[in-house]
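1. Sharing a model that was predicted from the sequence below.
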Amino acid sequence: MSQYEKEMVRVTEQQHATSPTDSNDSYCITGIEPLDRKLGGGIPLGNSVLMVGSSGSGKTTFCMQFLANGARKGERGVFFTITEPLFKLTKNMENFQFYDKKLIEQGMVNIIDLRIISDRLGLNVEKYSVEDASALLEVLKDIADELQVKRLVIDSITALCYRLESDEMIRDFIFKLGSSLAAMGCTTLLTSEIPPTTSGELKYSRYGIEEFIADGIIYLSDIDRKGDLIRTMQIVKMRGTSHSRSKSAMNISSDRGIEISTLLKSRG
Amino acid sequence: MENTLVQGLKERIANASFTNPSVGIILPGSNYVDLTHAVYEHMRDTSSNNWIYVTITKPYHVVKKEMGTILDTSGIFFIDCISRAAGIQTMDPQCYFLDSPAQLERLILEIVHFVKNQSDKEKTYIVLDAVSSLILYNDEILVTEFFTHLISNMNLFNAHTISLCLEEEMTDQMNKMLYLKNDKIIKVKESFI
């Protein structure tokens, strides 16, 4: 166990000293230190978390880093991509220190193009029927079960929901997916694409449903400081943990990946 | 011929930074060259320490050239806050180029990253040249907040800071901040030079 993991266990023990039912195994450590600290140890195990942000906000990088950090701890993960071809996805990750081709070769991080699965299932229609959605859900659960993954990512849930015909189907799909994976002890990140906000009105998903079903919301955005966009990250919601809700500054370092620091609050 | 002002400044910097984790140096702009010269000489004399030099007043390539006439710069890591903002697009593995001096959180992250990766054997020093120049790109309250966070972080990692400040760029709030946050202030008055 690394020094950092020991520290996270200590933080978890302190935070849950009054809750004997919780164990140290009840958190999924993201490996992004300040975030884990803000979460009181990590994401509660089995939670499905919406990673919300506009294009270029760092959702995909965050998710890949989450999987790679887990793989290094022996937790297998799977990344279902809908929006980006596999070769492009891995190419974009190559410069990051967290990315290691061996993790993919060893099957610790699995990257699967969901469009290929849909095609194989014969789901090459514009909109999925209830049966189609159910078949897709079963395949996702089977893959997660077969690979015995502890971390799962769908990038993006917005693109997937686009194919679902009604709000009820979206609600049902996310709920069933989340609860099945939670039963397997699998922690899930669902990326949610939203347009940049100009009116100040906060919206965490395209269809306005995803955020109510998800156990957690992590919101990636920007603040404008004299023409410079400063990346920010905020934990809006995380069931099962007492977490900080203050905005942090986020950086995507070309080699170190996602980094979090204190946001200077005085607006320049 | 030895410059007595530079020697005097160097001694004051050496004495102050030996015992104080954070040192602020305020002096008139007309003596800025002497001050940087004194800092470079101090860096040369204590080259076994880990040094990080943050350039806010002049671009990295200018500072490195000037510094190179006094000491071997190969062991120093630089952070350049202004080249990118000025449209200078050079790359150098010895320097991290910040997109803009307004990215203060990123500046803290880069400094902390450097400090974390240094061995405990020697002290780590950070020179901010010049912290007062940040005010040209940021509101003074933001610079105050930045400086407070930076000093707190550096205390956490037992790293030392030497913050250069030009008298002409100073505001009342910055002045207060420097006196409050630094363990030692060296104020050079023109009349004493």
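-> Great, that's in hand.
2. In space, what's closest to the closest residue to chain B within the stretch 51-200 of chain A - neighbours in sequence excluded?
-> Relative to chain B, the nearest point of the stretch 51-200 of chain A is A:Gln97 (11.6 Å; CB to the nearest CB). Every C-beta, even on glycine, is put in place using the N, C-alpha and C of the backbone. Spatially, and ignoring its direct neighbours in sequence, A:Gln97 is nearest to A:Asp255 (5.3 Å; CB to CB, 6 or more residues apart in numbering or on different chains).
3. residue ranges for the helices of chain B, please.
-> B:4-19, B:32-45, B:60-68, B:104-116, B:140-156, B:172-181 (DSSP state H).
4. close to chain A, is the last one?
-> No: in this structure, helix B:172-181 remains apart from chain A according to CB under 8 Å from any CB of the partner chain; the gap is never smaller than 11.1 Å.
5. if we can go back for a sec, distance check, the residue of the stretch 51-200 of chain A closest to chain B against B:Met154.
-> 24 Å (CB to CB, to the nearest Å).
6. more neighbours, the two?
-> Neighbour count, other CB atoms under 10 Å in any protein chain shown: between A:Gln97 and B:Met154, B:Met154 has more, with 21 against 12.
7. who touches that one in this structure?
-> Taking CB atoms under 8 Å, 6 or more residues apart in numbering or on different chains, we find B:Met154 in contact with B:Pro21, B:Ser22, B:Ile111, B:Val115, B:Ile126, B:His160, B:Thr161.
8. Dump those residues to CSV, plus pLDDT, distance to chain A and neighbour count.
-> Conversion of those to CSV gives the following (pLDDT from 0 to 100; distance: CB to the nearest CB, whole Å; neighbours: other CB atoms under 10 Å in any protein chain shown):
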residue, pLDDT, distance to chain A, neighbour count
B:Pro21, 94, 20, 17
B:Ser22, 95, 18, 23
B:Ile111, 96, 11, 24
B:Val115, 93, 13, 19
B:Ile126, 96, 16, 22
B:His160, 95, 21, 20
B:Thr161, 96, 17, 28
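9. from those, which is closest to A:Ser261?
-> B:Ile111 (10.5 Å; CB to CB).
10. Hmm, B:Val54 and that closest one touching each other?
-> Yes: between B:Ile111 and B:Val54 there is a contact under CB atoms under 8 Å: 7.2 Å.
11. mind listing what whichever residue of chain B sits closest to chain A touches?
-> Nearest to chain A, among the residues of chain B, is B:Glu105, at 3.6 Å (CB to the nearest CB). Listed by CB under 8 Å, 6+ apart, the contact partners of B:Glu105 are A:Ile230, A:Ala249, A:Asn251, A:Ser261, A:Thr262, A:Leu263, A:Leu264.
12. from the residues you listed, which two are the most distant?
-> Every pair of the contacts of B:Glu105 checked by CB to CB; the farthest is A:Asn251 and A:Leu264, at 13.2 Å.
13. May I have the beta-bridge partners of the residue minimising distance to the centre of chain B?
-> Central residue of chain B (CA atoms, centre = their mean): B:Leu128, 1.9 Å from the mean position. Beta-bridge partners for B:Leu128, by DSSP bridges, are B:Val54, B:Ser163.
14. Got the confidence number for the residue nearest to A:Gln97?
-> Listed pLDDT for A:Asp255 reads 88.
15. OK, contacts around residue 56?
-> Looking at chain A here, since you left the chain open. Counting by CB under 8 Å, 6+ apart, A:Gly56 has no contacts.
16. my bad, chain B
-> B:Cys81, B:Ile82, B:Pro101, B:Leu128, B:Asp129, B:Ala130, B:Val131, B:Ser133, B:Leu134.
17. let's go with 6 Å and repeat that
-> B:Cys81, B:Ser133, B:Leu134 (CB atoms under 6 Å, 6 or more residues apart in numbering or on different chains).
18. Ok, B:Ile82 next?
-> For B:Ile82, counting by CB under 6 Å, 6+ apart, the contacting residues are B:Pro59, B:Pro101.
19. Okay, now the unreliable bits of chain B?
-> Residues of chain B that meet the criterion pLDDT under 70 lie in B:1-2, B:121, B:190-193.
20. Show the backbone phi and psi for the residue lying closest to B:Cys81 once chain neighbours are set aside.
-> Leaving out its chain neighbours, the residue that sits closest to B:Cys81 by CB to CB, 6+ apart is B:Pro101, at 4.3 Å. The phi and psi values for B:Pro101, taken as degrees, to the nearest 10, are phi -70, psi -10.
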